[in-house]
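1. Next come a sequence and a model predicted from it.
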Amino acid sequence: QVQLAESGGGEVQAGGSLRLSCAASGGIFRTDAMDWHRQAPGKQRELVARFYNSGGTTYADSVKGRFTISSDNAKKTVYLQMNSLTTEDSGVYYCKWRVQRSRSSYYQEYWGQGTQVTVSS
């Protein structure tokens, strides 16, 4: 079983920064993509950023130029650097990995438990 553990959430004032981490444990043969999603109260969960195995990235329009997703393969960790935070960035942030556990297995998706980010004005 693959387990993901997020950390780095907290409360910050608008304009501030936070760095989220998501560390994976368990056997992983190949990673296809690693995501950060967020969910604000009363809203649907949305994709914030994605890091592809190829090294490519994609971002939600609302965070482009402010957030940066990166990965450290040796540490099996994906990061989300969040700068110039606004109150609209508040919510629970979840990481999701799409991985292959062995050469012969299908890709499966795993979610972390979430970390709260609160941006105050």
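-> Good, I have the coordinates. Numbering: from 1, shown residues only.
2. residues contacting the residue most central in space within the chain?
-> What sits nearest the mean C-alpha location of the chain, by Cα atoms, centre = their mean, is residue 36, with 2.5 Å. Residues near residue 36 by Cβ atoms under 8 Å, 6 or more residues apart in numbering: 20, 22, 47-50, 69, 78, 80, 93-96. C-beta: built from backbone N, CA, C; applies to glycine.
3. what does residue 17 give?
-> 81-85.
4. likewise residue 100?
-> Residues near residue 100 by Cβ under 8 Å, 6+ apart: 28-32, 106-108.
5. again, but for residue 115
-> So residue 115 contacts 6-9, 20, 92-93 (Cβ under 8 Å, 6+ apart).
6. switch to 10 Å and redo it
-> 5-10, 18, 20-22, 38, 80, 92-95 (Cβ atoms under 10 Å, 6 or more residues apart in numbering).
7. what do you get for residue 7?
-> 19-23, 77, 112, 115.
8. measure it to residue 20 for me?
-> 7 Å (Cβ to Cβ, to the nearest Å).
9. Buried residues, stretch 27-44. List them.
-> 31, 33-38 (16 or more other Cβ atoms under 10 Å).
10. which of the contacts of residue 7 sit farthest apart?
-> 19 and 112 (15.3 Å; Cβ to Cβ).
11. all strands of this structure, in order?
-> 3-7, 10-13, 18-25, 30-39, 46-52, 57-59, 67-72, 77-82, 91-100, 107-111, 115-120 (DSSP state E).
12. ok so, going back, nearest to residue 14 among the contacts of residue 100?
-> Distances from residue 14 to those, taken by Cβ to Cβ, are shortest for residue 31, at 33.6 Å.
13. Nearest residue to that closest one in space, please, no chain neighbours.
-> residue 99 (5.0 Å; Cβ to Cβ, 6 or more residues apart in numbering).
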